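> give me coordinates for this.
(one chain, ligands or ions: 1)
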Amino acid sequence: MKFIVLFLGLLVRPQAVSLTRRFESEKVFRVVPQNETQVNFLKVLASDVQLDFWHPDSVHHIVIGTEVDFQVSLHLANYVLMKLEQNELQYEVLFHNLQEQIEKQFDGGNYFRKMHSYTKYNDWEKIVAWTERIARNNPKMVSRIEMGKTSEGRPMYLLKVGKVTGQKKVIFMECGIHAREWISPAFCQWFVKQATHTYGEDKVMTKLLDSMNFYVLPVFNVDGYVWTWTNNRFWRKNRSNNSNSDCIGTDLNRNFKAAWSTVGASDKPCNEIYCGTSPESEPETKELANFIRDHLDVIKGYISFHSYSQLLMFPYGYTYKLAPNHDELNKVAKGAVDALATVYGTNYTYGPIAETIYLSSGSSLDWASRRGH
Ligand SMILES: [Zn+2]
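Residues are numbered from 1 along each chain as shown. Here you go, the predicted structure:
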């Protein structure tokens, strides 16, 4: 098997806790533009008023016939509604009061607020304590590595999971590159739990852990993740300062050296898909890229987890050109999607990123894939 790189979308809507910024009566609309005029109307609307795009990631990525979900503040909601109606765009209101939805995430009460839980979202402090604990409790299977520091100086912890000693094949799993996609770090934690709990019982898991190691990065964008808990539930980028701009943060998933800053990325610091000043300009990107470079001989696969969608995608994102190992990637993706459907009938779409969603450059996946060839 060659180098396999996958992007997995997990279906859970962004949801959070007692935050500085509240989203009382903020709304999320869903529209599906049917023609070029409607696409252009949305682009003009987005330049006219502040809209936060949930899906796709940015107004740049809007295309005919695909769902567009965006968040609108209370004071703009009526104006946006009027505009949608004037332009005959059919819409659906996914959320009428976002704050209510945010609060629903904490349905476990005080107990869950204090304890780490695999079925609730955990803040960064709890995740740090968990990485330490799970390594301590499973010394023959899990070890914790500090990969580097974030732009605000927080440690980036990586868990090495597997029974193998020495140089064996490795799959790298990256979670939490986008701060608000909380289900992604939750998934990485769940995976480590499954590995440690089912080893010796589940045949597939036992075989995997006996034959290879997993490097699991539960939260890549730590500073952004902390910010989503303390200040703004819908923060996406990291938290580094930008010179000549008051806007904070770079989209780490546009900051890798893979056709950097060419398509589907912005060179404007205020944009949600801002690519940074140069490839690996961000400490988080640099640390991860250095780690991969140092372990390139053993890393055979790279998986990046995002939300929300039900998509399993593989390179490339920056071009419609097919990857050299496209047939193999496609076969692996089909196998995974078919297997997933057998459990609960969950239906994932699969394909190359550019074709399946939109063009985007500088992603971790494209970068990892090009390193692997
Ligand atoms: Zn994402």
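> can I get the CA coordinates of stretch 290-299 in PDB?
What follows is stretch 290-299, C-alpha atoms only, in PDB (Å, rounded to 0.1, in the frame of the first residue of the first chain):
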ATOM      1  CA  ASN A 290       8.700  19.200  10.900                       C
ATOM      2  CA  PHE A 291       7.400  16.200  12.700                       C
ATOM      3  CA  ILE A 292       6.100  14.600   9.500                       C
ATOM      4  CA  ARG A 293       9.400  15.400   7.700                       C
ATOM      5  CA  ASP A 294      11.300  13.700  10.600                       C
ATOM      6  CA  HIS A 295       9.100  10.600  10.400                       C
ATOM      7  CA  LEU A 296       8.500  10.400   6.700                       C
ATOM      8  CA  ASP A 297      10.100   7.000   6.400                       C
ATOM      9  CA  VAL A 298       7.500   5.300   8.700                       C
ATOM     10  CA  ILE A 299       4.400   7.400   8.100                       C
END
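> same for the host helix or strand of Tyr79, what does it pack against?
Per DSSP states H and E: Tyr79 is located in helix 74-86. When contacts are defined as 3 or more C-beta pairs under 8 Å, 6 or more residues apart in numbering; DSSP states H and E, helix 74-86 sits against strand 27-31, helix 36-48. C-beta coordinates here come from the backbone N, C-alpha and C atoms, glycine included.
> most tightly packed of these?
Greatest average neighbour count among the helices and strands packed on helix 74-86 goes to strand 27-31 (a mean of 19), per mean count of other C-beta atoms under 10 Å.
> now the angle from that strand to helix 74-86?
Per axes from the mean of the first three to the mean of the last three C-alpha atoms, to 10 degrees, the angle that strand 27-31 makes with helix 74-86 is 20 degrees.
> strands of the stretch 151-300 of the chain, residue ranges please.
For the stretch 151-300 of the chain, applying DSSP state E, counting those that start in this stretch gives strands covering 155-161, 170-175, 213-217, 299-307.
> out of the ones you listed, flag the one nearest Glu181.
strand 299-307 (4.3 Å; C-beta to C-beta).
> mind listing what the closest one pairs with, with the direction of each?
Strand pairing for strand 299-307, using DSSP bridges, gives strand 4-10 (parallel), strand 170-175 (parallel).
> beyond it, next helix or strand please.
Once strand 299-307 ends, the next helix or strand along the chain (criterion: DSSP H and E) is strand 311-314.
> list the strands paired with that next one, with their directions.
Using DSSP bridges, strand 311-314 pairs in its sheet with strand 4-10 (antiparallel), strand 349-352 (parallel).
> weakest of these by average pLDDT?
Among these, strand 4-10 carries the lowest mean pLDDT, a mean of 63.
> now the helices for the stretch 51-200 of the chain?
Residue ranges of the helices in the stretch 51-200 of the chain, as given by DSSP state H, counting those that start in this stretch, are 74-86, 98-104, 109-114, 124-137, 183-198.
> could you single out the most deeply buried of these?
Of the helices of the stretch 51-200 of the chain, helix 183-198 is the most buried (mean count of other C-beta under 10 Å), at a mean of 20.
> residues in contact with it?
Residues from elsewhere that reach helix 183-198 (C-beta atoms under 8 Å, 6 or more residues apart in numbering): 10, 12, 118, 121-122, 127, 130, 134, 137-138, 141-142, 159, 161, 173, 175-178, 205-206, 209, 214, 216-219, 225, 305-308.
> pretty sure Glu36 sits against Ile64.
Yes. The pair Glu36 / Ile64 is scored as a contact, 6.7 Å apart, by C-beta atoms under 8 Å.
> contacts only, for the residue in the stretch 101-250 of the chain that the ion sits nearest to.
Closest residue of the stretch 101-250 of the chain to the ion, C-beta to the ion: His178 (3.5 Å). Shown in contact with His178 (C-beta under 8 Å, 6+ apart): Ser184, Asn221, Gly224, Arg236, Asp251, Leu252, Asn253, His306.
> try 10 Å this time
14, 57, 184, 220-221, 224-225, 228, 235-238, 251-253, 272, 304-307 (C-beta atoms under 10 Å, 6 or more residues apart in numbering).
> which among the contacts of helix 183-198 count as buried?
Buried members of these, scored by 16 or more other C-beta atoms under 10 Å, are 10, 121-122, 127, 130, 134, 138, 141-142, 159, 161, 173, 175-178, 205, 209, 214, 216-219, 225, 305-308.
> what about the nearest residue to Gly276 once chain neighbours are set aside, neighbour count?
With C-beta to C-beta, 6 or more residues apart in numbering as the criterion, Gly276 has its nearest non-adjacent residue at 4.0 Å, and that residue is Thr250. Thr250 has 27 neighbours, counted by other C-beta atoms under 10 Å.
> near the ion, which residues of the stretch 251-373 of the chain show up?
Residues of the stretch 251-373 of the chain found near the ion (C-beta under 5 Å from the ion) are His306.
> ok and the residue in the stretch 251-373 of the chain nearest the ion?
For the stretch 251-373 of the chain, the residue closest to the ion is His306, as judged by C-beta to the ion, at 3.4 Å.
> that residue and Ala179 touch, don't they?
No. Between His306 and Ala179 there is no contact, the gap being 11.6 Å when judged by C-beta atoms under 10 Å.
> residues touching Lys268, list them.
Lys268 makes contact with Asn242, Ser245, Cys247, Tyr274, Cys275, according to C-beta under 10 Å, 6+ apart.
> can you give me the pLDDT of it?
Listed pLDDT for Lys268 reads 96.
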